[in-house]
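*Asks:* let me see the structure of the following:
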Amino acid sequence: MKELEAGGERVKRGVLAKKTELEACGKEIVAAQNRQAALAPELIAVHSEITSLQAAGSKSEAEKRVERAVEDMKRLFNGVRGRLQDLLSSKARKYNTAMTVALGRLADAVVVNTEESAFQCIKYLKDHRIRPLQFLPLDVL
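*Replies:* I've put the predicted structure just below:
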(Lines give C-alpha, C1' and ligand atoms only; values in the text may rest on other atoms or scores of the structure.)
Protein backbone atom coordinates (compact mmCIF):
# COMPACT_ATOMS: atom_id res chain seq x y z
CA MET A 1 0.00 0.00 0.00
CA LYS A 2 2.83 2.35 0.88
CA GLU A 3 4.33 1.60 -2.50
CA LEU A 4 1.12 2.65 -4.23
CA GLU A 5 0.95 5.85 -2.21
CA ALA A 6 4.60 6.59 -3.00
CA GLY A 7 3.95 5.85 -6.69
CA GLY A 8 0.90 8.13 -6.60
CA GLU A 9 3.00 10.90 -5.04
CA ARG A 10 5.66 10.49 -7.73
CA VAL A 11 3.00 10.70 -10.43
CA LYS A 12 1.51 13.82 -8.79
CA ARG A 13 4.97 15.46 -8.63
CA GLY A 14 5.61 14.44 -12.26
CA VAL A 15 2.26 15.90 -13.36
CA LEU A 16 2.96 19.08 -11.40
CA ALA A 17 6.43 19.34 -12.98
CA LYS A 18 4.95 18.85 -16.47
CA LYS A 19 2.28 21.50 -15.78
CA THR A 20 4.99 23.92 -14.68
CA GLU A 21 7.00 23.07 -17.79
CA LEU A 22 3.89 23.55 -19.96
CA GLU A 23 3.25 26.98 -18.42
CA ALA A 24 6.89 27.99 -19.06
CA CYS A 25 6.58 26.88 -22.69
CA GLY A 26 3.35 28.87 -23.02
CA LYS A 27 5.12 31.96 -21.68
CA GLU A 28 7.99 31.43 -24.14
CA ILE A 29 5.51 31.16 -27.01
CA VAL A 30 3.79 34.39 -25.97
CA ALA A 31 7.17 36.16 -25.68
CA ALA A 32 8.23 34.89 -29.13
CA GLN A 33 4.93 36.04 -30.65
CA ASN A 34 5.41 39.48 -29.09
CA ARG A 35 8.95 39.70 -30.49
CA GLN A 36 7.66 38.64 -33.91
CA ALA A 37 4.90 41.27 -33.79
CA ALA A 38 7.42 43.93 -32.74
CA LEU A 39 9.83 43.03 -35.58
CA ALA A 40 7.19 42.69 -38.32
CA PRO A 41 7.08 46.42 -39.26
CA GLU A 42 10.87 46.57 -39.42
CA LEU A 43 10.95 43.48 -41.62
CA ILE A 44 8.39 45.02 -43.97
CA ALA A 45 10.40 48.25 -44.16
CA VAL A 46 13.64 46.40 -44.92
CA HIS A 47 11.92 44.25 -47.55
CA SER A 48 10.46 47.35 -49.18
CA GLU A 49 13.86 49.05 -49.22
CA ILE A 50 15.50 46.00 -50.79
CA THR A 51 12.83 45.86 -53.47
CA SER A 52 13.20 49.54 -54.32
CA LEU A 53 17.00 49.27 -54.47
CA GLN A 54 16.75 46.30 -56.79
CA ALA A 55 14.36 48.22 -59.03
CA ALA A 56 16.65 51.25 -59.03
CA GLY A 57 19.61 49.06 -59.91
CA SER A 58 17.85 47.52 -62.88
CA LYS A 59 16.66 50.93 -64.05
CA SER A 60 20.13 52.35 -63.92
CA GLU A 61 21.49 49.40 -65.93
CA ALA A 62 18.88 49.98 -68.62
CA GLU A 63 19.61 53.69 -68.53
CA LYS A 64 23.34 53.04 -68.94
CA ARG A 65 22.63 50.81 -71.92
CA VAL A 66 20.57 53.55 -73.58
CA GLU A 67 23.28 56.14 -72.90
CA ARG A 68 25.92 53.88 -74.46
CA ALA A 69 23.69 53.33 -77.48
CA VAL A 70 23.20 57.06 -78.00
CA GLU A 71 26.95 57.64 -77.75
CA ASP A 72 27.56 54.84 -80.28
CA MET A 73 24.97 56.34 -82.66
CA LYS A 74 26.67 59.74 -82.36
CA ARG A 75 29.94 58.16 -83.50
CA LEU A 76 28.44 55.97 -86.22
CA PHE A 77 25.90 58.25 -87.89
CA ASN A 78 26.18 61.83 -89.05
CA GLY A 79 23.62 64.20 -87.63
CA VAL A 80 22.94 62.56 -84.26
CA ARG A 81 23.09 65.31 -81.68
CA GLY A 82 22.12 63.47 -78.48
CA ARG A 83 19.30 63.07 -76.01
CA LEU A 84 17.16 66.13 -75.39
CA GLN A 85 17.76 66.08 -71.63
CA ASP A 86 21.53 66.01 -72.19
CA LEU A 87 21.38 68.83 -74.71
CA LEU A 88 19.30 71.02 -72.39
CA SER A 89 20.99 70.16 -69.10
CA SER A 90 21.66 73.15 -66.92
CA LYS A 91 24.86 73.86 -65.03
CA ALA A 92 22.71 74.82 -62.06
CA ARG A 93 21.51 71.52 -60.61
CA LYS A 94 18.48 73.14 -59.00
CA TYR A 95 16.83 73.47 -62.44
CA ASN A 96 17.38 69.86 -63.54
CA THR A 97 14.26 68.53 -61.82
CA ALA A 98 12.09 71.31 -63.24
CA MET A 99 13.50 70.71 -66.71
CA THR A 100 12.91 66.96 -66.45
CA VAL A 101 9.31 67.55 -65.39
CA ALA A 102 8.76 70.09 -68.18
CA LEU A 103 10.20 67.77 -70.84
CA GLY A 104 8.18 64.82 -69.58
CA ARG A 105 8.42 61.77 -71.79
CA LEU A 106 10.42 63.69 -74.41
CA ALA A 107 13.41 63.89 -72.07
CA ASP A 108 14.82 60.66 -73.55
CA ALA A 109 14.07 61.67 -77.15
CA VAL A 110 17.12 61.74 -79.41
CA VAL A 111 17.65 64.87 -81.50
CA VAL A 112 18.88 64.17 -85.05
CA ASN A 113 19.45 66.46 -88.05
CA THR A 114 17.47 64.49 -90.63
CA GLU A 115 14.71 61.94 -90.83
CA GLU A 116 17.15 59.60 -92.58
CA SER A 117 19.44 59.73 -89.53
CA ALA A 118 16.47 58.80 -87.37
CA PHE A 119 15.73 55.75 -89.53
CA GLN A 120 19.36 54.63 -89.33
CA CYS A 121 19.28 54.99 -85.53
CA ILE A 122 16.03 53.03 -85.26
CA LYS A 123 17.58 50.20 -87.29
CA TYR A 124 20.65 50.30 -85.03
CA LEU A 125 18.47 50.01 -81.92
CA LYS A 126 16.56 47.07 -83.39
CA ASP A 127 19.75 45.29 -84.44
CA HIS A 128 21.26 45.69 -80.96
CA ARG A 129 17.99 44.89 -79.13
CA ILE A 130 17.84 48.15 -77.26
CA ARG A 131 14.51 49.57 -76.19
CA PRO A 132 12.88 51.93 -78.68
CA LEU A 133 13.53 55.64 -78.34
CA GLN A 134 11.73 58.66 -79.73
CA PHE A 135 13.56 60.70 -82.35
CA LEU A 136 13.21 64.41 -83.12
CA PRO A 137 14.47 65.04 -86.67
CA LEU A 138 15.16 68.76 -87.03
CA ASP A 139 14.39 68.82 -90.77
CA VAL A 140 10.81 67.69 -90.13
CA LEU A 141 10.06 69.73 -87.05
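*Asks:* now do Cys121: how many residues are near it, please.
*Replies:* 24 (other C-beta atoms under 10 Å). Placement of C-beta: from N, CA and C, glycine included.
*Asks:* no wait, Gln33
*Replies:* 10.
*Asks:* tell me, what's the model's pLDDT at it?
*Replies:* Listed pLDDT for Gln33 reads 93.
*Asks:* point out where the protein drops to low pLDDT.
*Replies:* Residue ranges of the chain with pLDDT under 70: 55-59.
*Asks:* who's in contact with Met1?
*Replies:* Under the criterion of C-beta atoms under 8 Å, 6 or more residues apart in numbering, Met1 has no neighbours.
*Asks:* if I look at it, how far off is Asp86?
*Replies:* 101 Å (C-beta to C-beta, to the nearest Å).
*Asks:* same deal with Arg93?
*Replies:* For Arg93 relative to Asp86 (C-beta to C-beta), the value is 15 Å.
*Asks:* just Lys94 next, same as before
*Replies:* Lys94 is 18 Å from Asp86, by C-beta to C-beta.
*Asks:* out of these two, which sits in the busier spot?
*Replies:* For the pair Lys94 and Asp86, the greater number of neighbours falls to Asp86 (14 against 7), based on other C-beta under 10 Å.
*Asks:* what's the closest non-adjacent residue to that one?
*Replies:* Counting by C-beta to C-beta, 6 or more residues apart in numbering, Val70 is the residue found nearest to Asp86 once chain neighbours are left out, at 8.0 Å.
*Asks:* perfect, that will be all.
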